[in-house]
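**Q** just coords:
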């Protein structure tokens, strides 16, 4: 019997699950929307119902007895307070929710090192400090921690990736003393392990609910962003992943941590490597301001990607850029406009490709390794003309992404944990 592991991704709109073999091939996948289970996407009961439905659907198509481990990823920076039994005590604060308490933000700004990812109103630490005075509180957990706790019964453990924005020191591998100095009750913070470490096994209730063996390992997961990177198959130092969605995000696997608060850059630890990256305001959104998708596809078919327009565009949807240029007043540069629509679109393709190249160069300036390969995900990755322009600009190998499902990246962590535990 071929052993299987399961990766689960709980996102902003739904839950997804995949079953993976030891050779990284997928044996099955499922997806369900959150709104099937309630109108409030912040409700942990809705999260758990969606996860349960996705897992049940997945298990209906595979051999349940073959499952060896399970891991979960969640949205980075989503936190909730729980009691000793893991019951939520208040509505969670989501990844993009802002803490408005000026005293909390000032305390973190005063005590946190400049390079810490805990700065700002959306930080996990600010949210934890908001929750810490609730009656009956026993722990503040990240979204993935709480879902994993429903499988293992352990509501006191997190992983290094989710803990980063809550102030965890990934280099020293501990909660730093400055967190207490900022006013956070340290006993409310979970113990932290590496992504891919086994944190427990299924409870009897979870095993019965899903018809799984009791010895299925629950493995520490990660954030949705890290999971998406892992899903592509990128695993060597210098491997890059570009996400071409409404915005442009680049990430590279580094042999050292990279930190540049000015550009919003910090590093997640993945074993002995580091995942660093940045996000530009450029990307598909600016293209959509000028052409509908059908027109982009039509024009792309007549563009010659082997030649250049000679135009120097910096496509932005509005004034302001964060990376690779940190300038809130940077204006879009989309002139002069060629007469032909195809040339105009081509110049925008070139401009975004130039920003992508500048982004990887910026990471190298900050200490990241030279880019050796790129895997691409997101809607823009499906455009072969744009891909050819990007490849010519970057001058490195473009490799296929093995998957664009975050759940597949989390399944890789489940495989790691199962292997460590001798379950494969």
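**A** Ah, there it is. Every value quoted in this text rests on a predicted model; they were computed, and no experiment measured them.

**Q** wait, residue 394 sits on residue 372?
**A** No. At 10.6 Å, residue 394 does not count as touching residue 372 under the criterion of CB atoms under 8 Å. In this view, the C-beta of every residue, glycine as well, is placed from N, C-alpha and C.

**Q** give the contact list for residue 40.
**A** By CB atoms under 8 Å, 6 or more residues apart in numbering, residue 40 lies in contact with residue 46.

**Q** Also residue 301?
**A** Counting by CB under 8 Å, 6+ apart, residue 301 touches residue 385.

**Q** Ramachandran angles for it?
**A** phi -70, psi -20 (degrees, to the nearest 10).

**Q** now residue 266
**A** Backbone torsions of residue 266, given as degrees, to the nearest 10, read phi -140, psi 170.

**Q** gap between the nearest residue to residue 180 once chain neighbours are set aside and residue 166?
**A** Closest residue to residue 180 apart from its sequence neighbours, by CB to CB, 6 or more residues apart in numbering: residue 186 at 5.2 Å. According to CB to CB, to the nearest Å, residue 186 stands 12 Å off from residue 166.

**Q** So which of those two has more stuff around it?
**A** Neighbours per residue, other CB atoms under 10 Å: of residue 186 and residue 166, the larger number sits with residue 166, 27 against 9.

**Q** which one of residue 394 and residue 372 has more residues nearby?
**A** residue 394 (20 against 15).

**Q** Now do the same for the more buried one: its pLDDT.
**A** Model confidence at residue 394, given as pLDDT, is 97.

**Q** can you pull the contacts of it?
**A** Taking CB under 8 Å, 6+ apart as the test, what residue 394 contacts is 353, 356-357, 360, 371, 374.

**Q** same deal with residue 30?
**A** Residue 30 neighbours (CB under 8 Å, 6+ apart): 16-18, 54-55, 57-58.

**Q** Taking the residues you listed together, which two end up most distant?
**A** With CB to CB as the measure, no two of those lie farther apart than 18 and 57, at 11.4 Å.

**Q** that older thread, is it possible to export the contacts of residue 30 to JSON lines including neighbour count and pLDDT?
**A** Converted to JSON lines, the contacts of residue 30 look like this (neighbours: other CB atoms under 10 Å; pLDDT from 0 to 100):
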{"residue": "16", "neighbour count": "23", "pLDDT": "97"}
{"residue": "17", "neighbour count": "29", "pLDDT": "98"}
{"residue": "18", "neighbour count": "28", "pLDDT": "98"}
{"residue": "54", "neighbour count": "25", "pLDDT": "98"}
{"residue": "55", "neighbour count": "23", "pLDDT": "98"}
{"residue": "57", "neighbour count": "16", "pLDDT": "98"}
{"residue": "58", "neighbour count": "26", "pLDDT": "98"}
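
**Q** Mark which of those are part of strands, please.
**A** When the contacts of residue 30 are checked against strands (DSSP state E), the matches are 16-18.

**Q** what about residue 63, how many residues close to it?
**A** There are 13 residues near residue 63, going by other CB under 10 Å.

**Q** Quick one: residues contacting the closest residue to it other than its chain neighbours.
**A** The shortest distance from residue 63 to any non-neighbouring residue, by CB to CB, 6+ apart, is to residue 1 (6.6 Å). Residues counted as contacts of residue 1 (CB under 8 Å, 6+ apart) are 63, 65-66.

**Q** go on, residue 231?
**A** So residue 231 contacts 401-409, 412 (CB under 8 Å, 6+ apart).

**Q** go again using 6 Å as the cut-off
**A** Counting by CB atoms under 6 Å, 6 or more residues apart in numbering, residue 231 makes contact with 403, 405, 408-409.

**Q** For residue 28, see how far away residue 65 is.
**A** Remark: distance between residue 65 and residue 28 (CB to CB) = 14 Å.

**Q** what's the distance between residue 319 and residue 328?
**A** From residue 319 to residue 328 the distance is 8 Å (CB to CB).

**Q** out of the two, which sits in the more crowded spot?
**A** The neighbour count for residue 319 versus residue 328, taken as other CB under 10 Å, is higher for residue 319 (12 against 8).

**Q** Give me the spatial nearest neighbour of the more buried one, chain neighbours excluded.
**A** Nearest non-adjacent residue to residue 319 (CB to CB, 6+ apart): residue 331, at 5.4 Å.

**Q** So for stretch 88-96, mean pLDDT?
**A** Here the average pLDDT along stretch 88-96 is 96.

**Q** Count the neighbours of the closest residue to residue 217 other than its chain neighbours for me.
**A** Leaving aside its chain neighbours, residue 217 sits nearest to residue 69 (4.2 Å; criterion: CB to CB, 6+ apart). Residues lying near residue 69 (other CB under 10 Å) number 31.

**Q** Same question for residue 46.
**A** Residue 46 - counted by other CB under 10 Å - has 18 other residues nearby.

**Q** before we move on, what about residue 106?
**A** Counted with other CB under 10 Å, residue 106 comes out at 11.

**Q** Moving C-terminal from whichever helix in the chain runs longest, which element do we reach first?
**A** Longest helix in the chain, counting residues (DSSP state H): helix 341-365. Downstream of helix 341-365, the first helix or strand assigned by DSSP states H and E is strand 373-377.

**Q** quick one: contacts of that next one?
**A** Against strand 373-377 from outside (CB under 6 Å, 6+ apart): 232, 234, 239-243, 396-399, 401, 404.

**Q** quick check: angle from the one helix or strand residue 389 maps to to helix 341-365?
**A** Assigned by DSSP H and E, residue 389 falls within helix 384-394. Taking axes from the mean of the first three to the mean of the last three CA atoms, to 10 degrees, helix 384-394 and helix 341-365 form an angle of 40 degrees between their directions.

**Q** helix or strand for residue 256, which one?
**A** Here residue 256 is assigned to no helix or strand, by DSSP H and E.

**Q** Residue 28 belongs to a strand, doesn't it?
**A** Yes. Looking at residue 28 with DSSP: H, G, I helix; E, B strand; the rest coil, it is inside a strand.

**Q** May I see the domains of this structure written out as residue ranges?
**A** 4-226+406-420, 236-399 (automatic domain parsing).

**Q** So what's the residue count around residue 222?
**A** Around residue 222 there are 33 residues (other CB under 10 Å).

**Q** Tell me what the residue nearest to residue 217 is bridged to.
**A** Beta-bridge partners of residue 69, counted by DSSP bridges, are residue 5, residue 217.
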